[in-house]
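*Asks:* sequence and predicted structure below; questions after.
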4 protein chains.
Amino acid sequence: DTSLTVGGHTLASRLIVGTGRYDTMDQMRDSLDASGADCVTVAVRRERLYDRSGKNILDFLDLDRYTLLPNTAGCYTAADAIRAAKLGREILKTLGNPGSDWVKLEVLGDSRTLLPDPAQTVDACEELTKEGFKVLCYTSDCPVTAQRLKAVGAASVMPAGSPIGSGQGLLNQNNLKIILEYLKEDDPTYPVIIDAGVGTASDVSEAFELGADGVLLNTAIAHARDPIRMARAMKYAAMAGRDAYLSGRIPRRLYGTASSPSEGVISTRPYGSSGEVSS
Amino acid sequence: DTSLTVGGHTLASRLIVGTGRYDTMDQMRDSLDASGADCVTVAVRRERLYDRSGKNILDFLDLDRYTLLPNTAGCYTAADAIRAAKLGREILKTLGNPGSDWVKLEVLGDSRTLLPDPAQTVDACEELTKEGFKVLCYTSDCPVTAQRLKAVGAASVMPAGSPIGSGQGLLNQNNLKIILEYLKEDDPTYPVIIDAGVGTASDVSEAFELGADGVLLNTAIAHARDPIRMARAMKYAAMAGRDAYLSGRIPRRLYGTASSPSEGVISTRPYGSSGEVSS
Amino acid sequence: DTSLTVGGHTLASRLIVGTGRYDTMDQMRDSLDASGADCVTVAVRRERLYDRSGKNILDFLDLDRYTLLPNTAGCYTAADAIRAAKLGREILKTLGNPGSDWVKLEVLGDSRTLLPDPAQTVDACEELTKEGFKVLCYTSDCPVTAQRLKAVGAASVMPAGSPIGSGQGLLNQNNLKIILEYLKEDDPTYPVIIDAGVGTASDVSEAFELGADGVLLNTAIAHARDPIRMARAMKYAAMAGRDAYLSGRIPRRLYGTASSPSEGVISTRPYGSSGEVSS
Amino acid sequence: DTSLTVGGHTLASRLIVGTGRYDTMDQMRDSLDASGADCVTVAVRRERLYDRSGKNILDFLDLDRYTLLPNTAGCYTAADAIRAAKLGREILKTLGNPGSDWVKLEVLGDSRTLLPDPAQTVDACEELTKEGFKVLCYTSDCPVTAQRLKAVGAASVMPAGSPIGSGQGLLNQNNLKIILEYLKEDDPTYPVIIDAGVGTASDVSEAFELGADGVLLNTAIAHARDPIRMARAMKYAAMAGRDAYLSGRIPRRLYGTASSPSEGVISTRPYGSSGEVSS
C-alpha cells in the first residue's frame, strides 16, 4: 500500500503539496523535491502564476516528474471558479501535462478565513463534473456538504482540518469521522483528502490515522523556518500515519491492564472490533 | 541531525524499542528490524528472559547490531531494582555487549498502572550512579521528581506520556514542557526521552515536536494488529517529529490571515489584553 | 447582567430549553421548571405536538410563564420549514403567546446527524425574514454560513457545538470564536446562541466563557438519568459561565509564576520567538 | 446532596477557597462571601498572616461563619510543614475555631511551579496523622503517591489539576480518574478534592463531573478582573458540576442517532453502565 488513486490518476505519494507562499522559486522547487510528492497543485489565476520578479512558477516545476493539479484559489463565485478551471485545463493541455482533466475546486466564502462557500462549491462542482472535469472539492468539515459534493459527482471530497494557514491541525475529528463513515460506507475506496489547516508533522499522521486517503498542504511547509526540512518531515509523517492506520493501533485504556478500553469502536478503522478505539 | 547521545552511547535512531509482549520471537525480531532502532531494551528478571516455550530472548537478538539496554521491569523496590541492574550488567558483560554499563531503571509503585514509585526511583538512581552505572530513569511526568533524578546523577530522565500500555499518548504536555524547560535550561543537550504511553505514530511525532530527544515504546508495536508494519510507522514517525521540531513550525492562528497567533488575545473577551488567553 | 434580548424578546434566563424526548409530560414540566428557563422551544410539526398517548404538549406548558419559541424540527427543505413556521405562528396567535412573531429555524440536511443544510437554511431565513418573522437560525459552526445568515436578516445565529444529541460539547471552539468575532465586531450586542451538542454542565459554562449570549439544549436534560436534577445543573452552569465570562479569567500559564502565558513562547522550541506557539 | 464531610468536618459548600493574593482585605472578604464557601484556608507562616500594611488577615474573617483550614503554604520540607501545622493548631485553638484539629498539608518541591514534593509530603502526612491531625494532602495527580497518602492516614487526598496559579484546569483527567477509582473502590465516601490549577468556572464543574468530592481554589478568584463576580461564578459552577455528576449525563456519541457511544465505561460515574461515557 502506498499509491492513491483519485480522479483517474494514481499517485505514488499520498501527500499533495501546494506551490504558493515560498520566499523563492528555488526554495519551492527544493521543498517539493524533499516532500516526495508526485502531484503538486498550482493556482491558475493569472496573477498567481507569476512571482514578484515576473518569473513563471511553471518554469520551476519539472513537468516530467509532477502531475499538476490546477486549483481555483482566489475565486469567490461558482462562475469565477469555473472560468479558472477551464483556463487551467487549457494551460495544462498546452504543457502536455496529464493534469489537464482534473481540478481542485476552491470557491471561497470569506477572504479572512479562506473558508469555502458551501452552496457555490456544490454548484460549481456539479457544473464542472458535467463538463467532464474530475473535480476534487475543497470544503469545510460539514458532513452534509460533503455528501452533497459526492452526490453531484465530486471525484474526491477534501475537507479542511482547520482554516487555511491557521496551523491548527484537525480541529473537529468527530466531523471528519462522520464524513469518512458516510462517504465510504458503501464505497470504501472513495478518496477523502484532508486539505488545509496542517501545522506540523503529527497533524498529517493524525489525518491518516483517522482513515483519510491523502493530505494536501502548503503553508505548513512554505512558512516553516526551514521549509525543505519540514517538507521531508511531512513525507515521513504521511508514511507513518498511513502505516499506523493499516497496522491497527492498540486501544486506549485508562491504564494498560484495565479491563476495558476507555473509548469505543469507530467503524472507519480497518480492524474495528470491540477492542478498538476511535481517535 | 539524527544521532542521540545518552549515557555515553551514541544511537543512530532516536527510537528505542522494547522486546516484550510479542506473540513470537520471530515476530519480535522482524518488528525490531522494521523499527530501525539500534538500541533495544530487555528485562533482566529471569522469568522475563525466557518465553512460554523456554526460548531465551537473547538468542533472537543480533548482538552485533543492537546495543542492549537492560531494564529492571517488574521491580517494586529500590533494592530489587539494584539487584536486577547488577544482574543485567553481568549478563551483558558475558555477552560482550556494549550495553553492560547502563541500565533503564524502573521501580514500580503500582501493579495495575505500572506507574513508577517516585521516592524509590530517586533512591535507586542515586545508588546505581554511585556504583558506576549510567542510569536512564523511567519516571512519571512530575517536574519535581524529574529534577531530583537529574540532581542525583541520572544520565537521562524518561517521563511517561501516560501509563504503560494505555495507548493514551502524551496526556500532560504542560508537565512535559516544564520538564524539558527545567532539565535543559542550562544544559541543552541533556537527554529527555518519553517512555510509555505511546499508542500510535502521531504520539511519537508529538513527543519530538515538544522537544524530546528520544522515545521509548513497546506495547504500541507488539500489540498492534500488524506489529511489523507498526514498527515501520514508528520509525517514520520519529524521523518526521524530529525533523518537524528542527524545522520551526508555523504558529497556530485563529485563521491564516489573523494578525496574531490564536492563542493570544480574543476580541470577544470583555477584558481581553495582551496577557489574556483565549480558551 | 442576566437578561438576553433576542428577536425583540427579553429573557431573564440565558438558557433556552427544548420540550422533546422526555419520558412523560410531567417529567418535562418539572424539568423545565428546574431549568429556570423562561423561554422553551416547541416543534410545530403536528406529529410532534402530541405524545404517544395522544396528549398535547401545549397542555403541559404554563403559557403565562413561558414564552414559546416555535421550531421547525423535522423539516428537510426550505419550503417545509416555511410552512411549519407559519403553522407555528397561527398556533401561538391562537394561544395568545408572545412567541407568535419569532421562530427557531431548522432545515436539516441529514437524518442521522440532524446537521443543518446550509443553503436551504439561508434561503428559508431570507424568506421568513421578509415575511416578518424574527428568525433564530440553527446552523453548523461554519463562519461563512453564519455571516450569510446574519446578512439575510437572522435575528440570531445559533451554531451547533456538535451534532444534536451527541453530547460531545463544543468540538470546534476555533470556529465558534471566529463566528463570535465576525458577527459581533461592529455589532457587539448581536446575539449568538450555541444550539445542540451539549452533554453536561461544563459544556454550557464553556459556551458562555467563549462569549456566547445564550445556550439552547434539550437531550442533555431529557435523556439524563435524572432529568430534573440535570435541569437544575444546567441553570447553575449558565449562571456560572456567564459570570465567569464577565469576570475576566486569569491567563493560562505553563506554571503560576511563569513570566508569560503558556500558550505563547516555549523555550525548548528551536526557533521560539514571540510569534511562536507551543503545542 | 450538598454537604461534604472531610476530616470530621461537615461543610455545606463543596467549594473551599483560599485567602491569598487579593489586592485588599475588603476584596477578599467580599469574594469569600460571594463564593458561598463555609471553609476557607489560611497560610499559617507568620509572614503570610499579615498584609503589606500590617493588617492581620484573621481580623477580616468572620470566625463564626467560616471553619478555618490552616495550610502549610511556603514549606519545602516535612519538618517545616510539621512546624507550621502545629503553629496553625495553636492559633486556631486560641481563636476557638473548629479548624484547630485539621490541616491542609503542602510540602513544595519547586518554587517555580509550586508542585509538591512527593516523598516529603508522604513523610509529613504520616507524622502529622500520628500526632492526631486530620491531614488534607495537596499532591500531584500521581496515582501512586495518592495511594501512599491514603495508606499513611490522609483524611483527604487533594490532587492538583495543574500547577498552582497556572489556570490550566484539569490537564490529566486520566490520572484523576485513576485516583478516584483507586481511592474509592472499597471506600466510596473517601473524599478526593481537586486542589490547584482552576482557571475558570467550567474547570470547577469538570472536576465534579469526574467524581471529585470538592474543589479548592484561590488564584482563579483573587486574580480575576472582577474577583467578587468570579467568586459567585465558582459557587454556581460547583453546584452545577455536582448536580450534573449525580444526574448521570448522556453518553458521548459520534452523532445523536449513532448506535454506540463513542467512548466506553468509566467506573467512577455513579450510574456507570454500558451506555455511559467517561470524560
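*Replies:* Great, that's in hand.
*Asks:* pLDDT weak spots in the stretch 101-250 of chain A?
*Replies:* Of all residues in the stretch 101-250 of chain A, none has pLDDT under 70.
*Asks:* how about the strands of chain A, start to end?
*Replies:* A:4-6, A:9-11, A:15-18, A:39-43, A:67-71, A:102-105, A:134-139, A:156-159, A:193-195, A:214-217 (DSSP state E).
*Asks:* next, the angle strand A:67-71 makes with the longest one.
*Replies:* So the one you mean is strand A:134-139. With axes from the mean of the first three to the mean of the last three Cα atoms, to 10 degrees defining the directions, strand A:134-139 sits at 50 degrees from strand A:67-71.
*Asks:* show me what strand A:134-139 is packed against.
*Replies:* strand A:102-105, helix A:118-130, helix A:143-151, strand A:156-159 (3 or more Cβ pairs under 8 Å, 6 or more residues apart in numbering or on different chains; DSSP states H and E). Every residue, glycine included, has its C-beta placed from N, CA and C.
*Asks:* rebuild the strands of chain A as a markdown table, extending it with mean neighbour count.
*Replies:* Shown next, in a markdown table, are the strands of chain A (neighbours: other Cβ atoms under 10 Å in any protein chain shown):
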| stretch | mean neighbour count |
| --- | --- |
| strand A:4-6 | 19 |
| strand A:9-11 | 16 |
| strand A:15-18 | 28 |
| strand A:39-43 | 24 |
| strand A:67-71 | 25 |
| strand A:102-105 | 29 |
| strand A:134-139 | 26 |
| strand A:156-159 | 28 |
| strand A:193-195 | 27 |
| strand A:214-217 | 27 |
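*Asks:* so for C:Ala244, which of those sits nearest?
*Replies:* Taking Cβ to Cβ, strand A:156-159 is the member of the strands of chain A nearest to C:Ala244, at 32.9 Å.
*Asks:* just to revisit the earlier point, export the strands of chain A to CSV and tack on distance to A:Arg249?
*Replies:* Below are these laid out as CSV (distance: least, Cβ to Cβ, whole Å):
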stretch, distance to A:Arg249
strand A:4-6, 21
strand A:9-11, 25
strand A:15-18, 21
strand A:39-43, 28
strand A:67-71, 31
strand A:102-105, 31
strand A:134-139, 27
strand A:156-159, 22
strand A:193-195, 18
strand A:214-217, 18
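*Asks:* who does the lengthiest helix in chain A touch, helix- and strand-wise?
*Replies:* Longest helix of chain A, by residue count under DSSP state H: helix A:227-247. For helix A:227-247, the packing partners by 3+ Cβ pairs under 8 Å, 6+ apart come out as strand A:15-18, helix A:25-35, helix A:201-210, helix A:219-222, helix B:201-210, helix B:227-247.
*Asks:* what's the most buried one of the helices and strands packed on strand A:134-139?
*Replies:* Burial of these is given as mean neighbour count (mean count of other Cβ atoms under 10 Å in any protein chain shown); strand A:102-105 ranks first at a mean of 29.
*Asks:* any buried residues in stretch A:78-96, and which?
*Replies:* A:78, A:80-82, A:84-89, A:91-92 (16 or more other Cβ atoms under 10 Å in any protein chain shown).
*Asks:* quick one on the thing from earlier: so which of the helices and strands packed on helix A:227-247 is nearest B:Arg45?
*Replies:* B:Arg45 sits nearest to helix B:227-247 of all these, at 22.9 Å, using Cβ to Cβ.
*Asks:* pull the closest one out as PDB, backbone CA atoms only.
*Replies:* Written as PDB, here are the backbone C-alpha positions of helix B:227-247 (Å, rounded to 0.1, in the frame of the first residue of the first chain):
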ATOM      1  CA  PRO B 227       3.400  -5.300  14.600                       C
ATOM      2  CA  ILE B 228       5.900  -5.200  11.800                       C
ATOM      3  CA  ARG B 229       4.100  -2.500   9.800                       C
ATOM      4  CA  MET B 230       3.500  -0.600  13.000                       C
ATOM      5  CA  ALA B 231       7.200  -0.800  13.800                       C
ATOM      6  CA  ARG B 232       7.900   0.800  10.400                       C
ATOM      7  CA  ALA B 233       5.300   3.500  11.100                       C
ATOM      8  CA  MET B 234       7.100   4.300  14.400                       C
ATOM      9  CA  LYS B 235      10.400   4.600  12.600                       C
ATOM     10  CA  TYR B 236       9.000   7.200  10.100                       C
ATOM     11  CA  ALA B 237       7.100   9.000  12.900                       C
ATOM     12  CA  ALA B 238      10.300   9.500  14.900                       C
ATOM     13  CA  MET B 239      12.000  10.900  11.800                       C
ATOM     14  CA  ALA B 240       9.000  13.100  11.000                       C
ATOM     15  CA  GLY B 241       8.700  14.500  14.500                       C
ATOM     16  CA  ARG B 242      12.400  15.300  14.900                       C
ATOM     17  CA  ASP B 243      12.600  17.000  11.500                       C
ATOM     18  CA  ALA B 244       9.400  18.900  12.200                       C
ATOM     19  CA  TYR B 245      10.800  20.100  15.600                       C
ATOM     20  CA  LEU B 246      14.000  21.300  14.000                       C
ATOM     21  CA  SER B 247      12.200  23.000  11.100                       C
END
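*Asks:* got the angle between it and helix B:201-210?
*Replies:* Put simply, helix B:227-247 runs at 20 degrees to helix B:201-210, going by the same axes, to 10 degrees.
*Asks:* relative to helix B:25-35, how tilted is helix B:227-247?
*Replies:* 20 degrees.
*Asks:* chain center to helix B:227-247: distance?
*Replies:* 14 Å (Cα atoms, centre = their mean, to the nearest Å).
*Asks:* cool, stretch A:57-70 as well?
*Replies:* Distance, centroid of stretch A:57-70 to centroid of chain: 17 Å (Cα atoms, centre = their mean).
*Asks:* quick one: terminal-to-terminal distance for that stretch?
*Replies:* 12 Å (Cα to Cα, to the nearest Å).
*Asks:* could you do stretch A:185-196 as well?
*Replies:* Terminal residues of stretch A:185-196 are spaced 24 Å apart (Cα to Cα).
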